[in-house]
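Student: 3D model of this:
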Amino acid sequence: MSKFGFNKIASALGPATKIAAIQIVRASKKYFGEGFEQEQLGEDKWAEVARRTPGNNYNKGRTVGGVNKPSGKSFIVDQGDDYATRKILAGTTGRLRHKTERADSSISNNGAVSVMYNPVPYAGFINDGTPYMPARPFMKQTDELTVIQLNILQTETGRIWKTT
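Tutor: Predicted coordinates:
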């Protein structure tokens, strides 16, 4: 046993790390949700959408038809009432944002590993982009998010060093 009480601190580190991991996941989900409102994540502003670009076919009306480039099939899309003013990744249902803010997450017993996953099938295509659509990352690590996460970790684990 140490006269400095390191054994108490060592035993308190695991639970403090777990609490920090839970708070980090919550803060990350909040940060990703705010990105939808700002139409950007971190410093990277999302590419403008065709439905809000004057002169584009998708800006001409609520219901639009076209041809899917990869498959060559024709399609008709109802863009919703607010198609020309709606936020970039809002969609007509808001499902992508909702599932991002409430993303499936898991944390290991000691809080060392945290994982977040968006179950929406098209989330990966929007986040990473395709040859026909620019990437609009809404769930990724940014410098700003790292600062938020490190502050939480430092605050939670720093509490175990306080003298009683």
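Student: who touches stretch 81-93?
Tutor: Applying CB atoms under 8 Å, 6 or more residues apart in numbering, the external contacts of stretch 81-93 come out as 36-37, 39, 46, 48-49, 51-52, 58-59, 62, 78-80, 96-97, 126, 136, 138. In this view, the C-beta of every residue, glycine as well, is placed from N, C-alpha and C.
Student: for residue 78, which residues count as its bridge partners?
Tutor: residue 63 (DSSP bridges).
Student: give me the distance between it and residue 49.
Tutor: In this structure, residue 78 and residue 49 are 16 Å apart, going by CB to CB, to the nearest Å.
Student: and this protein, what are its domains?
Tutor: Listed by automatic domain parsing, the domain ranges of the chain are 6-46+88-161, 49-86.
Student: show me which of residue 78 and residue 49 is the more surrounded one.
Tutor: Taking neighbours as other CB atoms under 10 Å, residue 78 and residue 49 compare with residue 49 leading, 21 against 10.
Student: need the contact list for the more buried one.
Tutor: Contacts of residue 49 (CB under 8 Å, 6+ apart): 58, 88.
Student: quick one: it from residue 102, how far?
Tutor: Residue 49 sits 24 Å away from residue 102, going by CB to CB.
Student: so how far is stretch 128-144 off the chain centroid?
Tutor: Chain-centre distance of stretch 128-144: 10 Å, with CA atoms, centre = their mean, to the nearest Å.
Student: give me every residue that touches residue 100.
Tutor: Neighbouring residues of residue 100 by CB under 8 Å, 6+ apart: 29, 32, 33, 36, 118, 123, 138, 139.
Student: what would those residues look like in JSON lines with distance to residue 12, neighbour count and secondary structure?
Tutor: Formatted as JSON lines, the contacts of residue 100 follow (distance: CB to CB, whole Å; neighbours: other CB atoms under 10 Å; DSSP: H, G, I helix; E, B strand; the rest coil):
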{"residue": "29", "distance to residue 12": "26", "neighbour count": "17", "secondary structure": "helix"}
{"residue": "32", "distance to residue 12": "30", "neighbour count": "22", "secondary structure": "helix"}
{"residue": "33", "distance to residue 12": "32", "neighbour count": "16", "secondary structure": "helix"}
{"residue": "36", "distance to residue 12": "37", "neighbour count": "21", "secondary structure": "helix"}
{"residue": "118", "distance to residue 12": "34", "neighbour count": "20", "secondary structure": "coil"}
{"residue": "123", "distance to residue 12": "37", "neighbour count": "18", "secondary structure": "helix"}
{"residue": "138", "distance to residue 12": "36", "neighbour count": "22", "secondary structure": "coil"}
{"residue": "139", "distance to residue 12": "32", "neighbour count": "20", "secondary structure": "coil"}
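Student: many thanks, have a good one.
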